[in-house]
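Q: sequence and predicted structure, then a few things I'm wondering about:
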Amino acid sequence: MEVPLRIVFHYKVDQEIVFYERIFQILFSIDILLNFRTGFFEERTLVMNHHQVARKYFKSWFFVDFLSAFPFDVFGGFFYEYFGVTDTLRILRILRAVKVFELFKSLRLLAMGGNEEFQYRVLEVINPVTFRLVFFIYWTSLFAHWVACGWIKLTPEFLKDSDIITRYIRSLYWSVTTLTTIGYGDITPRTNTQTIYTMFVMIIGVGIYGYVVGNIASLLSNVDISRIKFQEKLDTINSFLRYKKIPADLSNRIRSYYINLWENRHGIDERDIWEELPSAMKIEVSLFLHAKLISVVPFFRDATEELKREIVQQLKPIAFMRGDLIFREGDVPHNMYFIAKGSVDIIKESSGTVLDSLHEGNFFGEMALIDDRLRSASVRARTFCETYVLSRESFREILSHHPQFAKKIRQIAMSRKKQSKQTGIETPAR
């Protein structure tokens, strides 16, 4: 950014700037050498052959890198004598700004070659929305700076009695107001050249303005797309409730159910994700999510890994609102439940007694899997509950694949029947 200022203001550079300039030239030169030794990905395969790497580099960024790093100021006399040009050739370093494209590309390629965690972190940061935003800020700021420097070059009399900082700030102000199509008119072109330059900047500014509006609208619409989808779903539910004339108390419970789903799951529907996952990955995710849940069940505790893998695949998510009756005393049993979040009360309806309260990590209704007795107690959601359900039919199908485990279950069933005859209640194990 300093090079255009040096050209339009013709100020002398102090030794400190020259020192930093030499450092950057050395770094750019080292970068050129490293690029000849840096492989590239082709169809996700890393190519390290020196001839192929050099050929690709010559065809891509070598020319830009060379012009950016070459010390034209050192050889200024030579270029002036033979080519009639001065050290303004250093403006070619502006080409280095184009390398920002290669930076983002390189980071993405680096992510492709790294481990899964590194890939996720890099691609999460350099996602398309982030890239577009950074790209826009970078180029608009740089272009506004270049336009301001161009205005100073074409208008040497502009605030000529003021200091360099004031002239630059006022020129940058003209650049921004023109590019954004605001144009207050307090700084206007005087000559034909200035007028043509201003028209050119205006045309570019219209494109930038359209790009800004389109991108801001896109960014805002993607800030929280899941919330927008949830609101659309809630509007559909409200229309359904009004159309069907559902009573107010029931309508409120339905709305509360979906609002609780949003607050606890942020609009994520597990079933949609589940259907898209390949079977092998689905099993791994299921084991991670549910292995602890099924390990607390006594008759699953000593199950083989293969059996657990089959069980977790059959678990289905289901949520209950506070106060929902999950099942009632005397119901025909069909499922057992694992509590992933929330708590429930075990109730003896005949007396209204709360026998027990179960919390996250507990289970209930397990006897539904091993015998056909009716429910001996009711279960009510004490808070909003996220549970996973294992049906008796799925469990029995699993048992058919594991005869030894099926024998053990029959023994447990006989033992639990003897126990229930003594207490008269299905004891909810923890």
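A: Received it, and whenever you're ready, just let me know what you need. Not measured: the values here are computed from a predicted model. Residues are numbered from 1 along each chain as shown.

Q: show me the contacts for residue 160.
A: Contacts for residue 160 (C-beta atoms under 8 Å, 6 or more residues apart in numbering) come out as residue 167. C-beta: built from backbone N, CA, C; applies to glycine.

Q: may I have the secondary structure class of it?
A: Under DSSP: H, G, I helix; E, B strand; the rest coil, the three-state class of residue 160 is coil.

Q: residues in contact with residue 144?
A: Applying C-beta under 8 Å, 6+ apart, the residues near residue 144 are 172, 175, 176, 179.

Q: quick one, grab the pLDDT at the closest residue to it other than its chain neighbours.
A: Leaving aside its sequence neighbours, residue 144 sits nearest to residue 175 (C-beta to C-beta, 6 or more residues apart in numbering; 4.8 Å). Listed pLDDT for residue 175 reads 91.

Q: OK, contacts around residue 175?
A: With C-beta under 8 Å, 6+ apart, residue 175 has these contacts: 144, 145, 147, 148, 151, 201.

Q: the second one looks like it's in a helix, true?
A: Yes. Residue 145 forms part of a helix when assessed by three-state DSSP.

Q: and residue 229, how far from residue 401?
A: 40 Å (C-beta to C-beta, to the nearest Å).

Q: ditto for residue 292
A: Noted for residue 292: a distance of 23 Å to residue 401, by C-beta to C-beta.

Q: ok, residue 243 next?
A: Distance, residue 243 to residue 401, by C-beta to C-beta: 47 Å.

Q: now find how far off-centre stretch 180-199 is within its chain.
A: When distances are taken as C-alpha atoms, centre = their mean, to the nearest Å, stretch 180-199 is centred 43 Å away from the chain's centroid.

Q: how about residue 197, nearest residue that isn't a chain neighbour?
A: Nearest-residue entry for residue 197: residue 154, 5.6 Å, with adjacent residues in sequence omitted and distances by C-beta to C-beta, 6+ apart.

Q: next one: residue 40
A: Nearest one to residue 40, counting by C-beta to C-beta, 6+ apart, is residue 47 at 5.5 Å.

Q: with residue 253 as the reference, measure out to the one you found.
A: From residue 47 to residue 253 the distance is 61 Å (C-beta to C-beta).

Q: who has more neighbours out of these two?
A: Per other C-beta atoms under 10 Å, whichever of residue 47 and residue 253 has more neighbours is residue 253, with 15 against 12.

Q: check contacts around the more buried one.
A: Shown in contact with residue 253 (C-beta under 8 Å, 6+ apart): residue 321.

Q: report the buried residues of the strand or helix carrying residue 148.
A: Here residue 148 sits within helix 128-154, counting by DSSP states H and E. Buried residues in helix 128-154, counting neighbours by 16 or more other C-beta atoms under 10 Å, are found at 136, 140, 143, 144, 145, 147, 148, 149, 150, 151, 152, 154.
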